[in-house]
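Asks: okay, predicted coordinates and the sequence, questions at the end:
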Amino acid sequence: MFLLRLAQILQGSAAGTAIREGRWMYPLLNVSHVLALMVASGCILFWDLRLLGLGLKRTPVSVVARLLPWTWGGFGVMFVTGFLLICSEAERLYSNLAFRVKVVCLILAGLNVLLFHTTIFRTVMEWDRAAAPPVRARIAGAVSMLLWLAILAAGRMIGYTLD
């Protein structure tokens, strides 16, 4: 019941109402969200392909890591715009299965990043130039790629799921 009440508060907020009832706010937020998603997911794709040993094999992992500020910037914009989009229709999204899948996958992706950066990435200098990174790094890359594909698919399905 707490989450339903939170959804009602968000949707009834001034921001939720302005976005929902305004002529340009929702479309502008939606376009910004998709553009930020393209930046973040594009960087994540390069990163994951390198971790899997499927792309950029001659490029040190530390060089590919230079994409991280772009990834975080894109993710930050995506997070803010996504939150504002949620405010405009929070009650409908509350019971939307695709939205719930997306949120769970986002949480899991965040945990995967946290686990990767607090463990295996700390030893990156040992395997920085290896064409095939260690198994744990490849697993993190595969999990990341699968979760982001699920996030993209679930996000796309939100609009087609009637609840």
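Replies: Great, that's in hand.

Asks: which element is the residue sitting nearest the centre point of the chain on?
Replies: Central residue of the chain (CA atoms, centre = their mean): Leu106, 5.6 Å from the mean position. For Leu106, the enclosing helix or strand under DSSP states H and E is helix 97-118.

Asks: so what touches that helix?
Replies: By CB atoms under 8 Å, 6 or more residues apart in numbering, the residues outside helix 97-118 that reach it are 93, 137, 140, 143-144, 147-148, 150-151, 154-155, 157-158, 160-161, 163. To be clear about C-beta, it is placed using only N, CA and C from the backbone, and glycine gets the same treatment.

Asks: which of the residues you listed are buried?
Replies: Neighbour-count burial (16 or more other CB atoms under 10 Å) is assigned, among the contacts of helix 97-118, to 93, 137, 140, 143-144, 147-148, 150-151, 154-155, 158.

Asks: pull the longest helix from the protein.
Replies: Assignment by DSSP state H gives helix 25-52 as the longest helix of the chain.

Asks: what are the buried residues along it?
Replies: Neighbour-count burial for helix 25-52 [16+ other CB under 10 Å]: 25-26, 29-30, 32-33, 36-37, 39-41, 43-52.

Asks: can you check stretch 79-86 too?
Replies: In stretch 79-86, counting by 16+ other CB under 10 Å, buried: 81-82, 84-86.

Asks: then stretch 115-122?
Replies: Buried-residue list, stretch 115-122, by 16+ other CB under 10 Å: 116, 120-121.
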